[in-house]
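Enquirer: pasted the sequence and its predicted model underneath.
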Amino acid sequence: MPQRHAVVAGAGIGGLTAAVALHRRGWRVTVCERAPGPSAAGAGIVLAPNALRAFDTIGFDAGRAAGRAVPAAMGLRRQGGRWLSRADTAAMAARYGRPPLAVYRPALAAGLAAELPAEAVRYGAAVTGIDSPDGSPLVRTTAGELSADVVLAADGIHSSLRRQYFPGHPGLRYSGETAWRTVLPAGDVPSAVGAGQPPRPATAETWGRGERFGIVPLGDGGLYLYATAVVPEGYRPADVRAELLHRYGTWHDPVPALIDRIDPAAVLQHDLYDLAAPLPRFHHGRIAWLGDAAHAMTPNLGQGGCQAVEDAVVLAHLLDAAGGTEAGVPEALAAYSAARCARTDAIRVRAWRAGRMAALTHPLAVAARDLAVRAVPERVRQRAVDDLFDGFTLPGTAVPA
């Protein structure tokens, strides 16, 4: 049987995971990325137990490959420092087999790319369109044409392939918030934390009025920092550090000191969007969408990247199970849509609702929100987390993956 060939549009976490999963199943893979090379810019990502379990099924150790991994059970605080809820890392590890893991996103991408043949990832090769003259995809890129048995559209939140094949879809919806993200190098952290403070701040997200600030320690001693604020779409401050100090400079320690130490040139800012409505399906013929291209969601549950990993692993599993028959690929992609659409859209909706709650600005609404968070029984909170962390399964398997 001829070796099957998958072309992946996009070298993000989802696209690279899909490529690794298929490569390990004997497929030839070509990843086409519009950027001229691997990006050294980036921030952190927290891999929840569901994503780590998905990686396990393809034999990929994300913590080892990324090299900057540390357990990251997230607590929640008020801007004065009072805890609204605290996560127990040991309890999460006992319940789910491991706690969430914080990694440096560029290192994770590099670790995935290193699992592929050197020629598999083509930078500076944006996918511009797909023709199917005889039913088999012919992928047009800025670096030439590629024939394929299947095309995986992992081309991100602004997916051009999604717009091409779903022209009637309403597209993206602005959440009302923007986000700043950066990584503070390990050498800056002790002085940033200051005398009398612990050398490693706790993993936590702090909520104010329409503003949030997150601190996630990384394995090399650095910190992944992020902040969100309710602002008009497209708002870009002239002075990032001044903007952050204005918004968060009176918050609990060590937030002001950390902001003082950031490099403004290393801060990434992105407005936060999700899809205004779910896609009707995640496939068309021999093309499948995954990650943000399929179900862009706001980051409020920390599941955007995790769901992309789940997509990739399920998709590779179904494609491999389909064998090499002519009808196998379309049937596998239809099964992929059936397996993934409902779960990812439910999480997209939950993420949006969580963001609406976190973005409240009226003092009475904020006070009621904080009281409600503190009052939620642990068993209720646990069930909600179980739906996320225990929800990954491989279709056709007898037990959760």
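Expert: Received, thanks.

Enquirer: what sits against residue 8?
Expert: 15-16, 18-19, 29-32, 151-152, 154 (Cβ atoms under 8 Å, 6 or more residues apart in numbering). All C-beta spots, glycine's among them, are computed from the backbone N, C-alpha and C.

Enquirer: just checking, it is part of a strand?
Expert: Yes: applying DSSP: H, G, I helix; E, B strand; the rest coil, one finds residue 8 inside a strand.

Enquirer: can you report how many residues lie near residue 174?
Expert: By the criterion of other Cβ atoms under 10 Å, residue 174 has 14 neighbours.

Enquirer: next one: the longest helix along the chain to chain centre, how far?
Expert: Of all the segments of type helix in the chain, defined by DSSP state H, the longest one is helix 328-358. Here helix 328-358 is found 14 Å from its chain centre; the criterion is Cα atoms, centre = their mean, to the nearest Å.

Enquirer: check which element follows that helix along the chain.
Expert: Next along the chain after helix 328-358, taking DSSP states H and E as the criterion, comes helix 363-375.

Enquirer: okay, buried residues for that following helix please.
Expert: Buried residues in helix 363-375, defined by neighbour count with 16 or more other Cβ atoms under 10 Å: 366, 369-370, 373.

Enquirer: so what's the residue nearest to residue 334 when sequence neighbours are not counted scoring on pLDDT?
Expert: Excluding its sequence neighbours, the residue lying closest to residue 334 (Cβ to Cβ, 6 or more residues apart in numbering) is residue 283, at 6.2 Å. Per-residue pLDDT puts residue 283 at 97.

Enquirer: ok, now residue 133?
Expert: We have a pLDDT of 69 for residue 133.

Enquirer: can you show me the strands along the stretch 201-350 of the chain?
Expert: Under the criterion DSSP state E, counting those that start in this stretch, the stretch 201-350 of the chain carries strands at the ranges 204-207, 211-217, 223-230, 268-275, 283-284, 287-289.

Enquirer: how about the contacts made by the residue sitting nearest the centre point of the chain?
Expert: In the chain, the C-alpha nearest the mean C-alpha coordinate belongs to residue 305, at 2.0 Å (Cα atoms, centre = their mean). Going by Cβ under 8 Å, 6+ apart, residue 305 touches 13-14, 45, 47, 51, 291.

Enquirer: in helices only, show me the residues you listed.
Expert: Residues from the contacts of residue 305 lying in helices, with DSSP H as the criterion: 13-14, 51.

Enquirer: and stretch 143-157, end to end?
Expert: 23 Å (Cα to Cα, to the nearest Å).

Enquirer: one step back: relative to residue 350, which of the strands of the stretch 201-350 of the chain is closest?
Expert: Among these, strand 268-275 comes nearest to residue 350, with 10.9 Å by Cβ to Cβ.

Enquirer: pull out the buried positions in the closest one.
Expert: 271-275.

Enquirer: comparing the strands of the stretch 201-350 of the chain, which comes out most buried?
Expert: Comparing these by mean neighbour count (mean count of other Cβ atoms under 10 Å), strand 287-289 ranks first with a mean of 28.

Enquirer: show me what the longest helix of the chain is packed up against.
Expert: strand 172-184, strand 268-275, strand 283-284, strand 287-289, helix 292-295, helix 304-322 (3 or more Cβ pairs under 8 Å, 6 or more residues apart in numbering; DSSP states H and E).

Enquirer: I appreciate the help and will end here.
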